[in-house]
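Engineer: Predicted model and sequence below, questions to follow.
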Amino acid sequence: MAVFTYTARNAAGRAQQGSQEASSAAALVNTLRQRGWLVLDVRSTEAANASAERSPLNPLNWLPIRSTDIELGLQQMAVLLRSGLTLLAALKTIAEYARNRRMRHVWEDVAEKIQKGSSLADAMTEQRCFAHMVVELVRVGEQTGILEQVVTRAGEAMERRRLLRNQVMTALFYPTVVFLAAMIGQ
């Protein structure tokens, strides 16, 4: 039998964490559900230890924040808000599953500022990675009560902007290559 770590919520909604021996992850999930708990995560302790050891060596952790990281976070936030999670729970979930270490710290910082009483837009303003347009759209979404829809639109706008930039760069690449070939050939 293997040892698994779990994260769950009991019937009162309180977070429960621990480790337990079970024949499989599915067996542990069934045991926890029989207690009336909502299971959030179950992991093998060996897998958890191995991923913790490898994470500092992952080169993706040292990359700068890209617009695709922000787009992905905004899209995840919209989905989580649409599914009924609170804003704070959504931000903590996004931070937990962020691929980029720096982006994880950004989302954690935003969640911490919201927990201290700041608005989402004000918390995002303090982070330099968020475009002014995104922050203002979030501000409007908070004031009108349609944050999920506005976050979706902000992510889509960032995606369109990135795709347009890539198309322009691709369109300019060919004439540049032809010009350089003509200059070298002379």
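Structural biologist: The structure has been received and is ready for your questions.
Engineer: now the strands for this protein?
Structural biologist: In the chain, the strands defined using DSSP state E lie at 2-9, 15-22, 38-44.
Engineer: Let me have those in CSV, extended by mean pLDDT.
Structural biologist: Formatted as CSV, the strands of the chain follow (pLDDT from 0 to 100):
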stretch, mean pLDDT
strand 2-9, 84
strand 15-22, 86
strand 38-44, 81
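Engineer: Can you tell me the centre-most residue of the chain?
Structural biologist: In the chain, the C-alpha closest to the average C-alpha coordinate belongs to Ile94, at a distance of 3.4 Å (CA atoms, centre = their mean).
Engineer: my guess is it meets Trp107, correct?
Structural biologist: Yes. The pair Ile94 and Trp107 passes the contact test of CB atoms under 8 Å, sitting 5.0 Å apart. Yep, even glycine has a C-beta here, placed from its N, CA and C like the rest.
Engineer: tell me the contacts of Thr170?
Structural biologist: Thr170 sits next to no residue when contact means CB atoms under 8 Å, 6 or more residues apart in numbering.
Engineer: got the contact list for Ala131?
Structural biologist: Under the criterion of CB under 8 Å, 6+ apart, the contact list for Ala131 reads Met158.
Engineer: can you tell me how far it sits from Ala2?
Structural biologist: Taking CB to CB, to the nearest Å as the criterion, Ala131 is separated from Ala2 by 46 Å.
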